[in-house]
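> how does the following fold in three dimensions:
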Amino acid sequence: MGRMKEMLAEYDFDPMTVIEAKCPLCGHESTVEVETLAYLRWQNGTYLQDAFPTLSPAERETVKLGFCLPCQDALFSPPEDEPEED
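Predicted structure coming up:
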């Protein structure tokens, strides 16, 4: 067991942390559950994708900026093809 895990166990820290985010576009509240150790690494400067490699890109976007999944789809999905006029 690493030193950080020992310290967390000693102080009875929860191994998981819930990150709550409110979407800046629609106001929907989302939650993402992450390992506490990963959260602490991220808070201390580890890049988001390195701290949370098991999260999907959409979940990492929620953690970073707060956008809910439906708003991410609207923002980042390619535009639908419009029918061509003859």
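
> the helices in this structure, which residues?
3-10, 36-43, 48-51, 57-65, 69-76 (DSSP state H).

> buried residues in stretch 54-69?
Leu55, Glu59, Arg60, Glu61, Thr62, Val63, Gly66, Phe67, Cys68 (16 or more other C-beta atoms under 10 Å). C-beta: built from backbone N, CA, C; applies to glycine.

> give the burial count for Glu20, as a bare number.
10 (other C-beta atoms under 10 Å).

> got any ranges where this protein has weak pLDDT?
The chain contains residues with pLDDT under 70 at 1, 4, 7-10, 81-86.

> any idea how far stretch 37-57 is from the chain center?
9 Å (C-alpha atoms, centre = their mean, to the nearest Å).

> who touches it?
For stretch 37-57, contacts defined as C-beta atoms under 8 Å, 6 or more residues apart in numbering pick out Met4, Lys5, Leu8, Pro15, Thr17, Ile19, Val32, Val34, Glu59, Arg60, Val63, Lys64.

> can you name the two of the residues you listed that sit furthest apart?
Greatest spacing in the contacts of stretch 37-57, by C-beta to C-beta: Lys5 and Lys64 (25.3 Å).
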